[in-house]
Structures are given as C-alpha cells and as structure tokens.
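A.B. asks: can't give you the sequence, but here's the structure:
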DNA sequence: ATTAACTAATGCGAAAATTGCATTACTTAT
DNA sequence: ATAAGTAATGCAATTTTCGCATTAGTTAAT
C-alpha cells in the first residue's frame, strides 16, 4: 500500500471518473484503474461500485475518504516538521499571533530575530480560528502568541507582559481622561469593535466587560484588522476599545484612555520540542523589550 | 513511499540493527538497507546516522518514529473499521463495558443480540483505562457502556437506566436493613473496594461518598473484578459497596442493603456512524430489559 | 601488529511490478 | 441502428525490487 495509491484513491473519490482523475494525477487511465484495483485487493475492501458507465463510492469508501484525507494531511504536516528538524538552524519557524501585537511587540521581536539569526526563515500567520492549542499540537505552527494562557500538559506557556486596555476616541471627543468613571456612561456611543461574535479571547473579554456594565454596545462597523479600526475612529465614525500597544501605530487625531482592565501576552510552544532553532526563537521572545 | 517502508523504518528505529531487523520483517539485509535508503531519498530527510558499525536515529528520525508510530496505528484502526463497514451485517462489533454490568444487563443484552443477529460477531472488552470518548473516536470500540454521560459533539450518549448502589455484607453481619442511618457508622469496618485509586467513574463516586461522611475506609483488599469481591464478602473478609445488579450473581451468604445514592448506565456511540450493524446493535441496547 | 568477527553498503542478474498503448466490452444517448 | 462514452484488460517494454555474494570499514581479541 502506497501513500501515492491513497492519494489516487482520494482524487478519484472526488472526481468519480477514471479518465479525468488519471489526467489530474498524471498517469494513464489503465494505470489508475489497476492502482485502484491493487489498493482494493490489498486492503480487501471494495472502495467503488462501478458498472461500465458510472463510478460511485461504497459506504466503506466514503468512510475511508473522510478518514484518509485527514490522516494524509497529518502525515504531510509531520513530514514538513521533520524536514525543519533535519534542516537545523537554517530552517523555517512558523509563528501565529494576535493582530494586536502587530504594531509594537512583533516588530521588536522580528528585529531581534533578524539580528541574531539572520539565516532564519519565518512564516507569520494571524489565525482567524484562534485554537492555538490545536495549531501547535498538529504542527501547523511552532510558536503561538496568545492573549490567554494555554493549559495543556504538552504545551509550555509563559506570560511575557500585561498591558492595559484602552478606550480609543478621536481627539475632539467629549470624554476627557479624568471624566470617565464607568464605561456604562458610554452606552449611547457608537462602537467599532473587532469581531465581537468571534471566539477569540479578546472578543470574549470585551463581551464580559460590556456584560458587567449591563449594556450591549451599539456597533456600526466590525473589523478584524486593528489598523482599520484606528483609522475609522480617527475619522470619527465611532469609538473603540483596544490594547494600549495600538498607540504605537501613531495614527493622528486619536486619544487613548486607559481602563482598569488588563490583558496579557503569552508565548506558547510544544514542551517536547526537538527543533533547537524553535527553542532559540522562544528564548529571544522572552527577552524582547516590552511595555 | 510505502506503508511497508514506514513499518520497516519503525522496526529498524527500535532495533537499530539492520540484520536483526531484516530477519524480523522477513526480508534480506540488503533489501532492507535499500528500502531505508529509498525512504530517506524520497522524503529528503536523513533518518539514521550510520557508520560501518553503528546505527542511530537522527533528531528528525526520532521525531518521525514517535509520530509515524502513532499515525500508522491510527491508519490500521481506520482500516479495521472500514472492513467492518464493508462486511456489512455479518461483521464484528466492538463493545466496551464496566465490570458492574457483567451479571445482569450484559447477559440480557447479549441474549437479545444473539437471537436477532445470530451472524454477528462481538468483541467484548472491559477496559482498564476508561476513556470511552477516545476509545470511540479512535475506532478502538464501537459501542461503549459507561457509568457517566459523555459530553462530546461527535458522540451520542443515552441513559439506559439508574440503579441504587448497595452495601454488600455477609448474612450474619450486625448491620440490619433498617438500622443503617449513615454510612459514617461503618468507619470501623473493613472494606473490599474495587480500585479506589483508579480513575473510573464508580471509583470517583465512592471516593466522594466517603469524603462526604468524612472518613477514609479501611481497605484490606482491592480487586477490580466484582465477582471476586462478592466471594470475599461472602467469606466474611470484609464488606463492600457495589451497584445493585451484582445481586443477580446469586452468591450465597450475602445481603444487599440499598443506599440513597444511585448510579446510571449510559450507552455511547459515534454520532456519524455509517455502519448499519452498529446502529442496529445500539437499538437493541435501548430495548434490553432493565431494572 | 595481526587476525577474527561484525556490520552496512553495493554490484549484479533474476524475478516481479508497473506503465502506457491499443483494444475490448459494455452502457447510454441520439 | 449507430455513435459516443467509459472502465477493464492483453501485451510488450520499462522500471523496480529482491536476494546472493562480495566489499569495505570498524572493533575486539590474541
């Protein structure tokens, strides 16, 4: 049984047509036909029902399509990771991060990496599905920055720093630094909020903040990209709540008013990491200058 | 890349000796040597460091040993499951269950299955590691009976019945049915308990029961096999606490005194189960006569 | 220092598997 | 009745794999 055969099977299971599939996988129709037969013989399971005209999956075939697709992906992910380990110091390190560190922490961190490990290649992703735990354990990322601590026996998680979250308003806004006693006073303001319906830690923190003061914010615009939000606030479309580090973006016509709540930044990596480069990069994260 | 090659790799990674490995996997040393080379070439990763005398795994090799072992096992499990689906009604269904249903529910259930699906083969296991959830999702079992409800989006869980748990004492024991007001009165009794240190649901229930009455039971014997416990109690070695259904074991010289606590029995199966036989078996479980 | 024992790699010819072409066998649409 | 479509198969050429025998290097013993 060959990995290649399984891939042929998966393609055919999608196409359900020998000629088209054969073309897609760059072999002849006869060869494909025989590869599939060989696979069926070897596993002892009929995968397709075919008459001279039609091809369709059997129940067992459907089952295998679903599960083999998953396993093949995992296989390839594992192989990629092994290649990184094999390549040693000159390899690639994958990093995922929350958008809110784009303006301050991340540039500092990348500068340090670039100075100390100039050979290093980086793969930066801002994941929409913020399941850091799974991303790490599936080897889809090597280092995950997150706003919440990950509690998992196979993951090391270290708090790097805390920063206040701030009300972000245009310069001429009626609220003054000292005049704000409770954010309940803001119940008539229009808010521009980053994905309040999403499952990110920051979003759930915001939800509980508004809950605490017993009101649902009026949101006119939602955007996941922090830089966009800053510009919208500067243009007086509404006000927002963001971590303090957005201040470094230096957008004009903005004031940041610190709230009592704080938000943390954690760095997370696999506890049993063999790749020495990744371990080094984690060390540099720990020593990156922070607020 | 062949599944077979990966298996050769895994064996060699354990043995670290070409000749011995070759013998174990029934090919010649030269063939093994070339298969490993072919694998290394194809994935583009050096798996072993070898001089003329020694073989050892590289870091990448160690990594792949660990993860490939896992994936190969998953692959085989998936294949077994696909075979069951392919085999249809005459297939095999794997069932795991807690020992406490050995005497009443399980025999009734098996009787019904045998009457209605005489072709069916069953694989019964009483798992020591009671992680029903993982057993189901990894296809290591098809139907799991459990004492606690499984909360998982991919698993259907249905309560079949509740039964009281009972104090089990020898006939001549001083406690009478009516005279027991609190089990705290039993703090000087010797208990024979099924794996109190284990992680099963029943064990944790017992622990919290004793906690509630503020004493640690004196346990002289621990045994996981309920039948054994019954016999020990009958021989007046000590007393025990077990679900009522053990009464059907009809061991002589025993009295069962009902306590207030109840324990449930659930049947659990994969929500998306394609195998029609498994679905049928679940139906029969639902209609098995119960206390 | 010399020899013996080990062990992984490799040259080589035989055997087996795979490939694509051309063809067959059957179905469906016109 | 005919044409178009599609999966399987016979066949010869090519490629891969296999095990034997041998090589080349290492370690241990004398």
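C.D. replies: Received it, and whenever you're ready, just let me know what you need. These numbers were taken from a predicted model, which means no experiment stands behind them.
A.B. asks: can you give me the helices in the stretch 1-150 of chain A?
C.D. replies: A:3-15, A:18-24, A:29-43, A:59-87, A:105-116, A:132-137 (DSSP state H, counting those that start in this stretch).
A.B. asks: can you put those in a markdown table and add distance to residue B:282, mean pLDDT and mean neighbour count?
C.D. replies: Just so you know, the C-beta spots here come from the backbone N, C-alpha and C atoms, and that holds for glycine as well. Output for the helices of the stretch 1-150 of chain A, formatted as a markdown table (distance: least, C-beta to C-beta, whole Å; pLDDT from 0 to 100; neighbours: other C-beta atoms under 10 Å in any protein chain shown):
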| stretch | distance to residue B:282 | mean pLDDT | mean neighbour count |
| --- | --- | --- | --- |
| helix A:3-15 | 28 | 93 | 18 |
| helix A:18-24 | 37 | 90 | 17 |
| helix A:29-43 | 26 | 92 | 15 |
| helix A:59-87 | 17 | 91 | 18 |
| helix A:105-116 | 51 | 88 | 16 |
| helix A:132-137 | 30 | 90 | 19 |
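A.B. asks: could those be laid out in TSV, adding distance to DNA strand D?
C.D. replies: Converted to TSV, the helices of the stretch 1-150 of chain A look like this (distance: least, C-beta to the nearest atom of the strand, whole Å):
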stretch	distance to DNA strand D
helix A:3-15	9
helix A:18-24	3
helix A:29-43	3
helix A:59-87	13
helix A:105-116	37
helix A:132-137	33
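A.B. asks: Please identify which of these is closest to residue B:145.
C.D. replies: Closest to residue B:145 of these is helix A:59-87 (C-beta to C-beta; 23.7 Å).
A.B. asks: and whatever residue of the stretch 151-291 of chain A ends up closest to DNA strand C, what does it touch?
C.D. replies: DNA strand C sits closest to residue A:274 of the stretch 151-291 of chain A, with a gap of 22.5 Å, by C-beta to the nearest atom of the strand. Neighbouring residues of residue A:274 by C-beta atoms under 8 Å, 6 or more residues apart in numbering or on different chains: A:85, B:59, B:62-63.
A.B. asks: And the helices of the stretch 1-150 of chain A: which comes nearest residue B:245?
C.D. replies: Ranking the helices of the stretch 1-150 of chain A by proximity to residue B:245 (C-beta to C-beta) places helix A:59-87 first, at 35.6 Å.
A.B. asks: Tell me what angle the closest one forms with helix B:3-15.
C.D. replies: Per axes from the mean of the first three to the mean of the last three C-alpha atoms, to 10 degrees, the angle that helix A:59-87 makes with helix B:3-15 is 50 degrees.
A.B. asks: Around chain B, pick out the residues from the stretch 151-291 of chain A.
C.D. replies: A:274-275 (C-beta under 8 Å from any C-beta of the partner chain).
A.B. asks: rerun at 7 Å
C.D. replies: For the stretch 151-291 of chain A, the residues in contact with chain B (C-beta under 7 Å from any C-beta of the partner chain) are residue A:274.
A.B. asks: mind showing which ranges of the stretch 151-291 of chain A have poor pLDDT?
C.D. replies: A:178-179, A:195-198, A:222-224, A:289-291 (pLDDT under 70).
A.B. asks: Where do the strands of it begin and end?
C.D. replies: In the stretch 151-291 of chain A, the segments counted as strands under DSSP state E, counting those that start in this stretch are A:155-170, A:190-193, A:218-222, A:240-243, A:254-270.
A.B. asks: before we move on, back to that, can I get the helices of the stretch 1-150 of chain A in CSV including distance to residue A:184?
C.D. replies: Shown next, in CSV, are those (distance: least, C-beta to C-beta, whole Å):
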stretch, distance to residue A:184
helix A:3-15, 55
helix A:18-24, 60
helix A:29-43, 64
helix A:59-87, 47
helix A:105-116, 31
helix A:132-137, 33
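A.B. asks: mind checking which of these is nearest residue A:191?
C.D. replies: helix A:105-116 (24.9 Å).
A.B. asks: And the contacts of that closest one?
C.D. replies: For helix A:105-116, contacts defined as C-beta atoms under 7 Å, 6 or more residues apart in numbering or on different chains pick out A:97, A:120, A:245, A:265, A:281, A:284-285, A:288-290.
A.B. asks: Could you identify the buried members of these?
C.D. replies: Buried members of those, scored by 16 or more other C-beta atoms under 10 Å in any protein chain shown, are A:97, A:120, A:245, A:265, A:281, A:284-285, A:288, A:290.
A.B. asks: picking that back up, okay, the strands of the stretch 151-291 of chain A, which one's buried deepest?
C.D. replies: The highest mean neighbour count among the strands of the stretch 151-291 of chain A, using mean count of other C-beta atoms under 10 Å in any protein chain shown, belongs to strand A:240-243: a mean of 26.
A.B. asks: Name the residues that touch that one?
C.D. replies: A:100, A:163, A:165-168, A:191-193, A:206, A:226, A:229, A:233, A:263.
A.B. asks: what residues are up against the residue nearest to the spatial centre of chain A?
C.D. replies: Nearest to the mean C-alpha position of chain A, by C-alpha atoms, centre = their mean, lies residue A:127 at 2.0 Å. For residue A:127, the contacting residues are A:96, A:135, by C-beta under 7 Å, 6+ apart.
A.B. asks: Look up how far residue B:47 lies from the residue lying closest to residue A:72 once chain neighbours are set aside.
C.D. replies: With sequence-adjacent residues excluded and distances taken as C-beta to C-beta, 6 or more residues apart in numbering or on different chains, residue A:72 is closest to residue A:6, at 6.2 Å. From residue A:6 over to residue B:47 the distance is 21 Å, taken as C-beta to C-beta, to the nearest Å.
A.B. asks: Residue A:142 too?
C.D. replies: Counting by C-beta to C-beta - residue A:142 and residue B:47 are separated by 21 Å.
A.B. asks: For residue A:148, report the pLDDT, please.
C.D. replies: Looking at residue A:148, its pLDDT is 89.
A.B. asks: and the closest residue to residue A:18 other than its chain neighbours, what does it touch?
C.D. replies: Spatial nearest neighbour of residue A:18, chain neighbours left out: residue A:29 (5.2 Å); criterion: C-beta to C-beta, 6+ apart. Neighbour list for residue A:29: A:18-19, A:22 [criterion: C-beta under 7 Å, 6+ apart].
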